[in-house]
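**Q** Provided below are the primary sequence and the corresponding predicted coordinates.
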Amino acid sequence: MKKRFRNIAGIIVILASSCLIAQSSHAGQSKPWRDPGLPLIVDAYELNTIDWQKLLGDKRIAGFIHKASDGLPETFACSEKEDSDAIALCRTKWRKYAVSKELYQTRRLVARGAGLLWGAYHLARPGNPIEQANHFIDYAEPDGSDLMVLDLEDLDEKFMSLEDAEIFVRHIKSRTGRYPILYTNHSVARYIAANRRRYELLSRLPIWYARYRPDVSAVFPIGSWSNYFLWQFSSATNCSKKKCPYRIPGTLTDIDVNVASVGLDGLKRVWGQGALLPSDAAELDLIAGAPTAYQPF
């Protein structure tokens, strides 16, 4: 019995950030980005153009997530023994990498200086999950307040396998003491949820859910996810000059926009926690019913 209560206490403390998802009811709302009480998060990569003065004029924006690494780092051992075309290509790759990293660091300084929450994501590619995790940490240089994200775009061979993604997540935890969250679409989320005993870590990462529809209430709960952490509701896919779910000032229609499932105070409390969600509905019920002084919301 004592062991059982120790386990309960451990679940409550370690999985405290699950309260963000378990206690929020906004998944049932249609077009929650219209609710002024819910913060918006912008995510971008190096080719998005941003007028920061205009962007920061939108007080709904609470955070910024930027692409950090993509697969493994480029190699730039440009040998003068190679032909001129090979040398030119090598130098072009080096310049692109150097400029992209400098842009990432500059945008981080601007966003943090403006009081925005900051996060970084890694676009997961096939193979070498430990090397990719190291590359992400070395590139993003996350501190204890930053959100870390594993971006699993799809289940095909162009992207990291789910087995390797588990290794990636485990290595991130080993190096930083925190877990990343998972960015993915509906088909990947549904597959992970259906196989959550096989993918015990992926299925318990808070989910940044990409789906460009006005309502996702029919999706949640799914597996261990009773709600989304963030919902990417707008991108170039469903945003044009004439019609867009939400326009971010100072950006073009290719910018991605996300809505949080809780208010700003709640989001700030759990943004960089890096904790796992409960593994099933029974643990959710346990947390909801167990007395605890930890009440983040």
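**A** Perfect, I can see it now.
**Q** tell me the SS of the closest residue to residue 39 other than its chain neighbours?
**A** Computed as CB to CB, 6 or more residues apart in numbering, the closest residue to residue 39 that is not its neighbour in sequence is residue 62, at 3.5 Å. Glycine gets a C-beta too; all of them are placed from N, C-alpha and C. When classified by DSSP: H, G, I helix; E, B strand; the rest coil, residue 62 comes out as strand.
**Q** Does residue 62 touch residue 262 like I think?
**A** No. Taking contacts as CB atoms under 8 Å, residue 62 lies outside contact range of residue 262: 10.9 Å.
**Q** Count the residues that sit near the residue nearest to residue 39.
**A** Each residue near residue 62 was counted by other CB atoms under 10 Å, and the total is 19.
**Q** what's the answer for residue 102, then?
**A** Neighbours of residue 102 under the rule other CB under 10 Å: 11.
**Q** Make 224 the first number, not 1, from now on.
**A** Noted, 224 is the first residue going forward, which turns the last one into residue 325.
**Q** So it versus residue 269, what's the distance?
**A** Between residue 325 and residue 269 the distance, using CB to CB, to the nearest Å, works out to 10 Å.
**Q** what does residue 350 give?
**A** 23 Å.
**Q** And the strands in the stretch 324-473 of the chain?
**A** For the stretch 324-473 of the chain, the strands defined by DSSP state E, counting those that start in this stretch cover 340-346, 370-374, 404-408, 430-433, 453-457.
**Q** Output those strands as a markdown table; include the columns distance to residue 390.
**A** Formatted as a markdown table, the strands of the stretch 324-473 of the chain follow (distance: least, CB to CB, whole Å):
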| stretch | distance to residue 390 |
| --- | --- |
| strand 340-346 | 13 |
| strand 370-374 | 11 |
| strand 404-408 | 14 |
| strand 430-433 | 19 |
| strand 453-457 | 24 |
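**Q** In JSON lines, list those along with distance to residue 424 and mean pLDDT.
**A** Supplementary listing: the strands of the stretch 324-473 of the chain in JSON lines, determined by distance: least, CB to CB, whole Å; pLDDT from 0 to 100:
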{"stretch": "strand 340-346", "distance to residue 424": "15", "mean pLDDT": "98"}
{"stretch": "strand 370-374", "distance to residue 424": "10", "mean pLDDT": "98"}
{"stretch": "strand 404-408", "distance to residue 424": "9", "mean pLDDT": "98"}
{"stretch": "strand 430-433", "distance to residue 424": "13", "mean pLDDT": "98"}
{"stretch": "strand 453-457", "distance to residue 424": "19", "mean pLDDT": "98"}
